[in-house]
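Engineer: Mind folding the following:
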Amino acid sequence: MQLPEDFLRYTREMMGDERFDAYLRSFTEEVPVSIRLNPLKLGTGSSGRHQTQGQPWRVVDGEPVPWCNEGYYLPRRPQFTMDPLLHAGCYYVQEAASMFVTHILRQLFTEEIVNSKSVNSKSVNSKLLDLCAAPGGKSTAAIAAMPPGTTLYSNEPIRQRASILLENITKWGYPGCTVTNSYPKDYRASKLLFDVILCDVPCSGEGMFRRDPATIGEWSLQQVEKCWRLQRDIVSDAWACLKPGGVLIYSTCTFNTKENEENVRWMLTEFGDAEIVPIAIEPQWHIIGSLLEGFTEPVYRFIPGITRSEGLFICALRKRGVGSEQKPASRRAKSQSAPNILLPPAMEAAERCEISYQQAIAYLRGEALQLPPDVPRGPVAVAFQGHTLGTVKNIGSRANNQYPKEWRIKTTHVPQDYEPVLIKESL
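Structural biologist: Residues are numbered from 1 along each chain as shown. Sure, this is the predicted structure:
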């Protein structure tokens with residue numbers, strides 16, 4: 001794999017020989033595969049194992065991701081597309097470093113630093129915005145880590161990507177989630193205010209070179225310059241939407257300091273009321289701090305070959321001031337600049353029917369089903385291992401598929417046996 005010479009030159013200088021050589025060796029290693037479980041659908045037992053309906057669920061051969069309660073590494077990459085529990089929203093396939101947002105949020109709320117007031121697991125009415133959210137990994141991670149009663153606005157400016165985001169948020173199944181298709185400037189104009197804002201900004205993608213080699217061909221020094229300027233525009237709009245006492249979590253999946261430390265340093269100078277929030281980490285996680293000479297603020301870098309992950313830069317900044325209740329947007333602002341809300345498909349049914357693995361795959365492909373004769377006619381929710389996949393309209397001779405067309409899997413090969421990622425054990 002040939003990496004760009006400009007990238008090799010400045011990244012070696014930035015990381016130093018030892019770290020950079022470890023990074024290069026990572027290209028000869030297997031890329032880690034990791035998933036994050038959905039505690040709403042699986043629950044959590046007192047032992048820490050995830051449970052549903054009184055039965056514990058176990059990740060097959062899973063190894064915990066140390067900075068995320070719900071995260072697990074897998075020994076190999078299974079056929080995720082052919083697992084109905086993925087489509088039911090029981091877990092999300094996510095790169096391990098991106099799960100670090102759950103560690104940040106849980107620590108912030110435990111230490112009661114959000115909004116400069118008492119914030120704990122019983123807090124309600126917190127408002128969370130994920131400004132650049134597609135495909136939904138950080139949104140689903142964040143809402144699971146926030147206190148009950150949190151309202152999530154999950155936003156994606158690009159319409160096609162917003163449709164994918166809507167699918168993943170809908171399947172995740174948390175109440176109080178709204179998916180929007182708006183630009184950051186639209187949120188700024190709406191006058192909406194938030195307690196926490198996630199800014200996982202578009203970047204030059206250097207941290208994805210190993211996982212997605214196609215990103216190598218898209219990289220250039222000109223792209224780096226374009227990205228850091230765009231990132232500052234996005235963060236400026238986001239900062240205007242942040243309540244006093246609120247926290248903005250800034251992240252990229254790239255290495256260079258222009259898009260990372262230099263942007264954070266700019267925020268501290270530009271906004272005046274911004275301060276970086278330190279996050280406690282463990283030495284054995286091998287997370288790296290600042291790589292910008294003279295900049296020693298607490299920021300966090302994940303480097304392949306050093307941390308068990310792909311590349312990520314992340315930090316948390318608090319807006320100084322006392323938190324206050326959100327004021328409603330003006331009528332004019334609402335009518336002209338309210339975020340464009342996307343609505344999930346309606347999939348409701350009073351009756352519920354458990355189906356087999358082969359039936360589940362057929363359903364996910366958009367095929368009609370044959371249900372047992374005692375199943376009532378009309379709308380029926382179909383479920384696999386206790387988890388709802390969607391609905392059918394049972395007319396007796398067959399059950400017509402109502403799974404959204406854009407969600408259907410397109411594979412023609414259907415395995416004869418189910419290869420589980422999660423298994424439910426007897427107590």
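Engineer: Residue 11 - how many residues pack around it?
Structural biologist: The number of residues packed near residue 11 is 20, by other Cβ atoms under 10 Å. In short, each C-beta sits where N, CA and C put it, glycine included.
Engineer: Just the element for it, please.
Structural biologist: If you go by DSSP states H and E, residue 11 is part of helix 5-15.
Engineer: so for that helix, what's the average pLDDT?
Structural biologist: Per-residue pLDDT over helix 5-15 has a mean of 98.
Engineer: So for that helix, what gets flagged as buried?
Structural biologist: Under the neighbour-count criterion of 16 or more other Cβ atoms under 10 Å, helix 5-15 has 7, 10-11, 14-15 buried.
Engineer: Equivalent analysis for stretch 150-167, please.
Structural biologist: In terms of neighbour count (16+ other Cβ under 10 Å), stretch 150-167 has its buried residues at 150-157, 161-167.
Engineer: end-to-end on that stretch?
Structural biologist: With Cα to Cα, to the nearest Å applied, stretch 150-167 spans 20 Å between its terminal residues.
Engineer: what does it contact?
Structural biologist: Stretch 150-167 is contacted by residues 124-136, 139, 142-143, 146, 169, 174, 176-184, 187, 192, 194, 339, 342, 344, 404, 406-407 when judged by Cβ atoms under 8 Å, 6 or more residues apart in numbering.
Engineer: mind running it again at 6 Å?
Structural biologist: Stretch 150-167 is contacted by residues 126-131, 133-136, 139, 143, 169, 176-183, 342, 407 when judged by Cβ atoms under 6 Å, 6 or more residues apart in numbering.
Engineer: same question, stretch 406-423
Structural biologist: Here stretch 406-423 makes contact (Cβ under 6 Å, 6+ apart) with 57-58, 60, 78, 81-83, 85, 167, 357, 361, 364-366.
Engineer: go on, stretch 358-365?
Structural biologist: Stretch 358-365 has contacts (Cβ under 6 Å, 6+ apart) with 84, 87, 369, 382, 384, 389, 408-409, 414.
Engineer: what's the average pLDDT for it?
Structural biologist: 96.
Engineer: Check the offset of that stretch from the chain's centre.
Structural biologist: Centre-to-centre, stretch 358-365 and its host chain are 26 Å apart (Cα atoms, centre = their mean, to the nearest Å).
Engineer: May I have the secondary structure class of the nearest residue to residue 246 once chain neighbours are set aside?
Structural biologist: Spatial nearest neighbour of residue 246, excluding adjacent residues (Cβ to Cβ, 6 or more residues apart in numbering): residue 195 at 4.9 Å. Here residue 195 is recorded as strand under DSSP: H, G, I helix; E, B strand; the rest coil.
Engineer: Next one: residue 195 from residue 271, what distance?
Structural biologist: 17 Å (Cβ to Cβ, to the nearest Å).
Engineer: Then residue 214?
Structural biologist: Noted for residue 214: a distance of 35 Å to residue 271, by Cβ to Cβ.
Engineer: Those two - which one has more neighbours?
Structural biologist: More neighbours surround residue 271 than the other of residue 214 and residue 271, with 18 against 9 (other Cβ under 10 Å).
Engineer: Quick one: residues contacting the more buried one.
Structural biologist: Here residue 271 is in contact with residue 239 (Cβ under 6 Å, 6+ apart).
Engineer: Good, we can wrap up now.
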